[in-house]
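>>> okay, here's the prediction I keep looking at, along with the sequence it came from:
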Amino acid sequence: MPVTDPFDPRIGDLIVSTSSVPASAEVVCVLIGVPQDLGVIRNNGRPGAAEAPSAIRAALGKLATSKIQDVVDAGRMCIADHGDVATVGRTLEQIHDEQHDVVARVVERGHIPIVLGGGHDCAWPTIRAFESVGKEYGVVNIDAHADVRPLLDGVHAHSGSPFRQMIETAPSHLLPGGFVEFGLQGAGVSAAHLKYVRDAGMHVVMLDESRMENIAFVWERAYAHASLSGRAYVSLDMDAFASAYAPGVSAPAADGFTPHEIGQCLRTAASRGNLAAFDVVEMNPTFDVDGRTAKLAALMISEVLTGLAITLRR
């Protein structure tokens, strides 16, 4: 995209193709779209998330660059776009396999994949990619739901199953105790699923708990569990936000986080120097209002980019 105003560049002006990443770049973020909602449909959710990658990209491209411009101009940080994983005419399992291959290549190069879902089943191929790389990792799921439901018929993945699949992977490179469910809502998660996560030795921070003290402190404690390995993957389900902020999601919640709260958490995580992957999932343009949720998803990506820029300035 050409720079339309050299005095007011936008993130879209900074994005390059994966073949144009400068050799000087110390941090490379790679956008990967996964335009499918097959996993959401399998989980009895409302379809529409397949249109999210294009909506998020459009919103991201319009954001200003003041918080990252210097490190990008210096060639120290690069934002590249891989494009979309092929989905037309493919099964969910075939799409997952291709996403795994793309993310694994990005991770092996030491770059940071930023996956634009799609349903939350997109988390499973990313987790598989970390397993393929063969190094310890940790995960934080920012979500109203635990997404540890069993596979359908014991074999079919869906948008509610990725973190059960992760927990039950054996052998595993997931750091012991390195998974955190952050922001789960009592009205959105069953007691059995909470017990399942805790019995696996993992951690749960309920939305109500996060409000009992400063969220920055709560997040620091939670993120520490996932980042001990030196490779943390943060997965953001857009239904973690109250539906007033994010109406365009697969499963809206009346209550939830504010943009400021999660933006602060993501910026902090990215500034630690150990963020290895990020995704934004379950955004559903079919039900969005004036692009509100797409803009919020884009803003959260920009918070990650801002945090990475902070790391480079130290």
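Noted; the coordinates are in hand. Residues are numbered from 1 along each chain as shown.

>>> contacts for stretch 298-309, please.
11, 27, 29, 56, 59-60, 62-63, 67-68, 70-71, 77, 79, 112, 114, 236, 259, 262-264, 266-272, 275, 278, 280 (C-beta atoms under 8 Å, 6 or more residues apart in numbering). Bear in mind the C-beta positions are built from the backbone N, C-alpha and C, glycine included.

>>> how far does stretch 146-154 sit from the chain's center?
With C-alpha atoms, centre = their mean, to the nearest Å as the basis, stretch 146-154 stands 20 Å off its chain's centre.

>>> show me where the stretch 151-300 of the chain has strands.
174-184, 203-206, 232-237, 275-281 (DSSP state E, counting those that start in this stretch).

>>> can you give me the buried ones in stretch 42-59?
Using 16 or more other C-beta atoms under 10 Å as the test for burial, stretch 42-59 gives 42-43, 45, 48-53, 55-57, 59.

>>> how far does it stretch from one end to the other?
28 Å (C-alpha to C-alpha, to the nearest Å).

>>> residue 101: which of the strands of the stretch 151-300 of the chain is closest?
strand 275-281 (14.8 Å; C-beta to C-beta).

>>> now for that closest one, which elements pack on it?
Packing partners of strand 275-281 (3 or more C-beta pairs under 8 Å, 6 or more residues apart in numbering; DSSP states H and E): helix 92-108, strand 112-117, helix 123-133, strand 232-237, helix 259-271, helix 292-313.

>>> next, format these as JSON lines and append distance to residue 248.
Shown next, in JSON lines, are the helices and strands packed on strand 275-281 (distance: least, C-beta to C-beta, whole Å):
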{"stretch": "helix 92-108", "distance to residue 248": "22"}
{"stretch": "strand 112-117", "distance to residue 248": "13"}
{"stretch": "helix 123-133", "distance to residue 248": "19"}
{"stretch": "strand 232-237", "distance to residue 248": "13"}
{"stretch": "helix 259-271", "distance to residue 248": "14"}
{"stretch": "helix 292-313", "distance to residue 248": "3"}
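
>>> any idea of the pLDDT on residue 2?
pLDDT recorded at residue 2 is 50.

>>> so which residue is dead centre in the protein?
For the chain, the residue nearest the mean C-alpha position is residue 279 (1.8 Å; C-alpha atoms, centre = their mean).

>>> quick check: closest non-adjacent residue to it.
residue 115 (3.8 Å; C-beta to C-beta, 6 or more residues apart in numbering).

>>> ok, now which ones touch residue 95?
So residue 95 contacts 34, 36, 38, 85-87 (C-beta under 8 Å, 6+ apart).

>>> mark which of those are part of helices, please.
Among the contacts of residue 95, DSSP state H puts residue 38 in helices.

>>> now render the contacts of residue 95 as JSON lines, adding distance to residue 189.
Output for the contacts of residue 95, formatted as JSON lines (distance: C-beta to C-beta, whole Å):
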{"residue": "34", "distance to residue 189": "24"}
{"residue": "36", "distance to residue 189": "25"}
{"residue": "38", "distance to residue 189": "23"}
{"residue": "85", "distance to residue 189": "29"}
{"residue": "86", "distance to residue 189": "33"}
{"residue": "87", "distance to residue 189": "29"}
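
>>> relative to residue 226, which of the contacts of residue 95 is nearest.
So of the contacts of residue 95, ranked by how close each gets to residue 226 (C-beta to C-beta), first place is residue 34, at 22.0 Å.

>>> partner residues bridging the closest one?
residue 117 (DSSP bridges).

>>> quick check, residue 274 in contact with residue 224.
No. The pair residue 274 / residue 224 is not scored as a contact, 10.4 Å apart, by C-beta atoms under 8 Å.

>>> related to what we said a few turns ago, got a quick PyMOL command for the buried subset of the contacts of stretch 298-309?
Selection command for PyMOL covering only the buried members of those, criterion 16+ other C-beta under 10 Å:
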select buried, resi 11+27+29+56+59+60+63+67+68+71+77+79+112+114+236+259+262+263+264+266+267+268+269+270+271+272+275+278+280
